[in-house]
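Asks: no sequence for this one, just the structure:
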């Protein structure tokens with residue numbers, strides 16, 4: 001998707017997705033399209049209704065045919081576009097098989113059968129009456145715009161297991177009773193109960209009120225009448241039990257929606273608290289920057305939220321993401337324990353971090369011709385790393401990939417499986433083909449897919465956390481530990497990028513040696529950071545992500561390790577000074 005045409009098509013597709021979200025409370029032009037579709041559905045239904053009158057059909061037949069043809073053409077275009085955009089509405093509808101799944105979903109099937117049946121009639125001899133019946137199904141499409149019907153659908157869906165069990169139980173009990181009825185009445189009324197089918201039809205006909213008079217006769221045996229009484233009670237239960245279950249599900253759905261509205265309000269308040277802080281801009285010479293985190297104490301004082309309410313909002317922030325107006329991403333929240341002093345043996349503070357999301361694993365932004373890509377490897381697990389990379393992304397046009405979610409459990413997070421997948425990025429499932437392990441999580445596969453999109457002419461600047469015992473900033477490009485100077489043989493830097501990497505390292509070292517900046521209180525400060533190269537030596541491992549990107553994408557990778565004590569969890573003065581030095585460096589080399 002690197003050419004202009006594809007980008008324009010994607011943008012058009014995203015706009016269509018906003019039209020087809022079935023929400024009548026979006027932008028004005030999108031609402032106008034929705035109401036236009038609803039009006040056409042009503043016009044089409046009225047046309048079918050009027051065509052049933054012989055007199056009207058004789059006088060206005062041509063007009064009705066034109067209305068039928070025009071509405072069918074418009075619906076054909078609309079339904080075809082819906083099928084095309086289905087993967088943006090629900091990811092599982094991606095690809096050809098996904099589109100088939102969409103067409104077999106409830107509304108997808110109604111769309112398909114009520115629209116394309118017109119064209120099937122041109123090939124197959126479908127009766128005219130059948131076509132009219134299928135077109136009346138268009139009226140069902142109005143339900144997708146009705147909030148009450150969606151709530152009812154959610155209520156039935158939430159209780160589908162209980163409904164299935166209760167109906168299965170009642171059906172099995174009815175079959176048993178119908179056989180008992182056969183044995184009780186067969187001898188007395190052999191013409192009425194010739195076989196088991198007759199007694200089964202009698203039982204179910206009683207449930208439905210006997211519309212065809214198939215059970216309109218008296219039972220003559222005592223046991224038959226007893227069984228009939230039980231069947232009558234079951235006839236009440238077969239409707240009362242599902243009605244009760246759906247009713248309870250309806251109440252639960254409404255309560256969940258009310259709860260979600262309250263939670264969405266709290267999440268919005270928390271996000272507004274992040275947006276309200278503008279102090280960090282002073283450190284960065286007016287560049288865009290938000291707070292690294294917001295403490296529980298601040299949220300309690302400003303938003304009047306309890307600890308439990310804050311934790312609940314964080315827990316649901318992935319499900320109720322806060323969408324940024326005029327932005328192509330949402331934001332989510334996560335909880336972090338924090339030490340007020342890094343030397344403490346335990347965390348005594350509770351804080352929230354905010355991060356961007358537009359993918360299943362985190363955030364991805366690509367441009368067409370950018371020669372740099374910023375990569376956040378451990379944002380899901382390390383304090384401050386996501387904010388550091390996000391601020392770089394907000395102030396530069398670089399490509400960005402940030403990993404914001406855990407792919408595995410804590411023990412597996414450090415395991416070998418996903419490292420092997422990094423090496424074999426050309427096929428994210430290769431790492432599992434010769435083992436009995438479960439397939440890689442979908443979000444991890446999405447992450448690998450985006451990593452594979454890194455271009456061979458790009459320089460990747462990958463950020464990670466560094467141990468507190470190391471230099472404040474350590475830069476590596478795949479040479480052995482303690483390598484001195486700018487050597488590149490066996491590194492993960494392509495020959496065409498060697499001069500650029502040297503320029504980046506020298507500029508960053510120079511900028512970190514003495515950082516002059518201004519605090520939000522207008523105080524001038526000078527910060528000095530220690531700097532080292534290849535004091536860790538991780539990039540030599542074939543299972544390291546940098547080596548995987550180099551081997552499979554043929555891009556150059558520079559690892560930047562930020563000291564967790566002095567920078568990532570250090571004071572604001574240290575943190576923003578290091579961030580300023582990094583931004584200045586990127587501005588100089590790009």
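Replies: In hand now; what should we look at? Keep in mind that what you see is a predicted model, and the values were worked out from it rather than measured.
Asks: All the strands of this structure, in order from the start?
Replies: Using DSSP state E, the strands of the chain run over residues 294-295, 322-323, 330-338, 349-357, 362-365, 372-376, 399-403, 459-466, 473-476, 515-518, 524-527, 531-533, 556-563.
Asks: Sketch out the low-pLDDT regions of this structure for me.
Replies: Low-confidence segments of the chain, defined by pLDDT under 70: 1-11, 17, 21-30, 128-129, 210, 212, 319-328, 408-439, 539-540, 543.
Asks: if we can go back for a sec, possible to save the strands of the chain as JSON lines with mean neighbour count and distance to residue 66?
Replies: The way it works is simple: take the backbone N, C-alpha and C, and place the C-beta from them, glycine included. Listed next are the strands of the chain as JSON lines, based on neighbours: other Cβ atoms under 10 Å; distance: least, Cβ to Cβ, whole Å:
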{"stretch": "strand 294-295", "mean neighbour count": "18", "distance to residue 66": "62"}
{"stretch": "strand 322-323", "mean neighbour count": "14", "distance to residue 66": "43"}
{"stretch": "strand 330-338", "mean neighbour count": "18", "distance to residue 66": "46"}
{"stretch": "strand 349-357", "mean neighbour count": "21", "distance to residue 66": "49"}
{"stretch": "strand 362-365", "mean neighbour count": "22", "distance to residue 66": "49"}
{"stretch": "strand 372-376", "mean neighbour count": "24", "distance to residue 66": "56"}
{"stretch": "strand 399-403", "mean neighbour count": "25", "distance to residue 66": "53"}
{"stretch": "strand 459-466", "mean neighbour count": "23", "distance to residue 66": "60"}
{"stretch": "strand 473-476", "mean neighbour count": "24", "distance to residue 66": "72"}
{"stretch": "strand 515-518", "mean neighbour count": "16", "distance to residue 66": "72"}
{"stretch": "strand 524-527", "mean neighbour count": "13", "distance to residue 66": "77"}
{"stretch": "strand 531-533", "mean neighbour count": "18", "distance to residue 66": "77"}
{"stretch": "strand 556-563", "mean neighbour count": "25", "distance to residue 66": "64"}
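Asks: can I get those strands in JSON lines with distance to residue 86?
Replies: Output for these, formatted as JSON lines (distance: least, Cβ to Cβ, whole Å):
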{"stretch": "strand 294-295", "distance to residue 86": "38"}
{"stretch": "strand 322-323", "distance to residue 86": "21"}
{"stretch": "strand 330-338", "distance to residue 86": "21"}
{"stretch": "strand 349-357", "distance to residue 86": "22"}
{"stretch": "strand 362-365", "distance to residue 86": "22"}
{"stretch": "strand 372-376", "distance to residue 86": "31"}
{"stretch": "strand 399-403", "distance to residue 86": "26"}
{"stretch": "strand 459-466", "distance to residue 86": "34"}
{"stretch": "strand 473-476", "distance to residue 86": "45"}
{"stretch": "strand 515-518", "distance to residue 86": "50"}
{"stretch": "strand 524-527", "distance to residue 86": "52"}
{"stretch": "strand 531-533", "distance to residue 86": "50"}
{"stretch": "strand 556-563", "distance to residue 86": "37"}
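Asks: looking at the ones you listed, which is closest to residue 390?
Replies: Closest to residue 390 of the strands of the chain, according to Cβ to Cβ: strand 349-357, at 6.1 Å.
Asks: Check the gap between the residue lying closest to residue 360 once chain neighbours are set aside and residue 352 for me.
Replies: Sequence neighbours aside, residue 443 is the residue nearest to residue 360 in space, at 4.1 Å (criterion: Cβ to Cβ, 6 or more residues apart in numbering). The spacing between residue 443 and residue 352, counted by Cβ to Cβ, to the nearest Å, is 22 Å.
Asks: What residues sit buried inside stretch 85-98?
Replies: By neighbour count, with 16 or more other Cβ atoms under 10 Å as the criterion, the buried positions of stretch 85-98 are 85, 86, 87, 88, 93, 98.
Asks: Pick the one among the residues you listed closest to residue 169.
Replies: residue 93 (34.8 Å).
Asks: Could you pull up the residues touching the nearest residue to that closest one once chain neighbours are set aside?
Replies: Excluding the flanking residues, the one nearest residue 93 by Cβ to Cβ, 6+ apart is residue 86, at 3.9 Å. Counting by Cβ atoms under 8 Å, 6 or more residues apart in numbering, residue 86 makes contact with 93, 98, 99, 102, 108.
Asks: Let me see the ranges of the helices in the stretch 51-200 of the chain.
Replies: Assigned by DSSP state H, counting those that start in this stretch, the helices in the stretch 51-200 of the chain fall at 54-84, 86-89, 95-104, 106-120, 128-136, 147-158, 160-185, 196-207.
Asks: Pull the number of nearby residues for the residue lying closest to residue 137 once chain neighbours are set aside.
Replies: Sequence neighbours aside, residue 114 is the residue nearest to residue 137 in space, at 4.3 Å (criterion: Cβ to Cβ, 6+ apart). The tally of other residues near residue 114 (other Cβ atoms under 10 Å) stands at 24.
Asks: Then residue 342?
Replies: 12.
Asks: Residue most distant from the centroid, the chain?
Replies: Distance from the C-alpha centroid of the chain peaks at residue 188, with 64.5 Å (Cα atoms, centre = their mean).
Asks: from what I can see that one touches residue 220, true?
Replies: Yes: counting by Cβ atoms under 8 Å, residue 188 does reach residue 220; the two are 4.8 Å apart.
Asks: And the strands of the chain: which comes nearest residue 126?
Replies: Taking these one by one with Cβ to Cβ, strand 322-323 is closest: 44.7 Å.
Asks: number of nearby residues for the closest residue to residue 44 other than its chain neighbours?
Replies: Among residues not flanking residue 44 along the chain, residue 71 sits closest, at 4.4 Å (Cβ to Cβ, 6+ apart). Residues near residue 71, counting by other Cβ under 10 Å, number 20.
Asks: now do residue 220
Replies: 12.
Asks: and what of residue 192?
Replies: Count around residue 192 with other Cβ under 10 Å applied: 16.
Asks: swap in residue 197?
Replies: Other residues within reach of residue 197, judged by other Cβ under 10 Å, total 11.
Asks: Tell me who's in contact with residue 535.
Replies: Applying Cβ under 8 Å, 6+ apart to residue 535 gives the contacts 470, 471, 474, 481, 482.
Asks: Tell me the spacing between the closest residue in space to the third one that isn't next to it in sequence and residue 510.
Replies: With Cβ to Cβ, 6+ apart as the criterion, residue 474 has its nearest non-adjacent residue at 4.1 Å, and that residue is residue 561. Relative to residue 510, residue 561 is positioned 18 Å away (Cβ to Cβ).
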